[in-house]
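A.B. asks: Give the three-dimensional model of this entry:
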Amino acid sequence: MASLLFFAVLAAFVVQGAWSTSFTFQNKCSYPVWPAAISGANSGPLPSTGFELQPGASQSLDAPPKWSGRMWARHRCSTDSSGKFSCLSGDCGTGQVQCGNSGGVPPTNLAEFTLQGDGGKDFYDVSNVDGFNVPLSIAPQGVAGCHGAACPTNINGICPQELQYKAPDGSVVGCKSACLAFGSEQYCCTGAFADPNVCKPTNYSQIFKNACPQAYSYAYDDATSTFTCTGANYLITYCP
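C.D. replies: Predicted coordinates for the structure are as follows:
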């Protein structure tokens, strides 16, 4: 009887799409990164909201069922003499490695997920809408026929001067989107431009799109930038 009850409960979880998903983060960069994550308003938290990955290292986190949220990388991070942790790129402002409910300061590119959403599908994308800081890729694992999403190009190296986000030493640690840099309705797809038929790619968004065709380059870049899969775990790689 106990075994039958177990399998009945298990079947109910499967039917409802209430399975957990594993995210594995790996760092192929030549420098350390500190991945961070923030959950959506209706999602449970991940086991960690920030951790360090040295070059060549990896770490896995299990997400609760139907999790949604975003992940990004921080780099050029350090701890001062008072014990305050901060990063020159992607800092979340908590003074700690854990970001809690705080997002990263843009420019940062994002890995965005909605797990077990409409039709039980996972929806995911790589977004440069808030700019770029570290190359990344998303690769579904354990299922066939699902496509990955990636922005493997180091856009910092081709970033126009007016979009460059620099560290105090003058090095470029991020590339702002035109929306972030200039704040106009045209670039942000707001106000009179809050319509996909009106807000079109610009010369600036095209720089991002040419470098990373699979990633969002501006707010209405849905057609070539959103991917779906069912029942996968995900490998997130920095500097793929």
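A.B. asks: And for P140, the neighbour number?
C.D. replies: Burial of P140 is recorded as 22 neighbouring residues (other Cβ atoms under 10 Å). No exception for glycine: its C-beta is placed from N, CA and C like everyone else's.
A.B. asks: go on, the one 4 residues further on?
C.D. replies: Other residues near A144 number 6, with proximity taken as other Cβ under 10 Å.
A.B. asks: distance of it from F23?
C.D. replies: 20 Å (Cβ to Cβ, to the nearest Å).
A.B. asks: Then G231?
C.D. replies: In terms of Cβ to Cβ, G231 sits 14 Å off from F23.
A.B. asks: Neighbour count for those two, which is higher?
C.D. replies: More crowded of G231 and F23, by other Cβ under 10 Å: F23, with 23 against 16.
A.B. asks: Select the longest strand from this structure.
C.D. replies: If you go by DSSP state E, the chain has its longest strand at strand 68-79.
A.B. asks: Contacts for the next helix or strand after that one next, please.
C.D. replies: Downstream of strand 68-79, the next assigned helix or strand under DSSP states H and E is strand 85-89. Strand 85-89 has contacts (Cβ atoms under 8 Å, 6 or more residues apart in numbering) with 34, 74-80, 94-97, 107-108, 133-134, 165, 167-168, 173-174.
A.B. asks: The longest strand of the chain vs strand 85-89, what angle?
C.D. replies: 110 degrees (axes from the mean of the first three to the mean of the last three Cα atoms, to 10 degrees).
A.B. asks: Quick check: neighbours of strand 68-79 in the sheet, parallel or antiparallel?
C.D. replies: strand 34-39 (antiparallel), strand 85-89 (antiparallel), strand 110-114 (antiparallel) (DSSP bridges).
A.B. asks: can you redo these as JSON lines with mean neighbour count?
C.D. replies: Formatted as JSON lines, those follow (neighbours: other Cβ atoms under 10 Å):
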{"stretch": "strand 34-39", "mean neighbour count": "24"}
{"stretch": "strand 85-89", "mean neighbour count": "21"}
{"stretch": "strand 110-114", "mean neighbour count": "23"}
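A.B. asks: May I see these organised as TSV, with distance to D195 and mean pLDDT added?
C.D. replies: Shown next, in TSV, are the strands paired with strand 68-79 (distance: least, Cβ to Cβ, whole Å; pLDDT from 0 to 100):
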stretch	distance to D195	mean pLDDT
strand 34-39	28	97
strand 85-89	33	98
strand 110-114	22	98
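A.B. asks: my read: V97 touches P32, true?
C.D. replies: No: in this structure, V97 is not within contact of P32 by Cβ atoms under 8 Å, at 11.5 Å.
A.B. asks: in the chain, which spans are helices?
C.D. replies: Under the criterion DSSP state H, helices of the chain are mapped to 2-15, 178-182, 185-188, 203-211.
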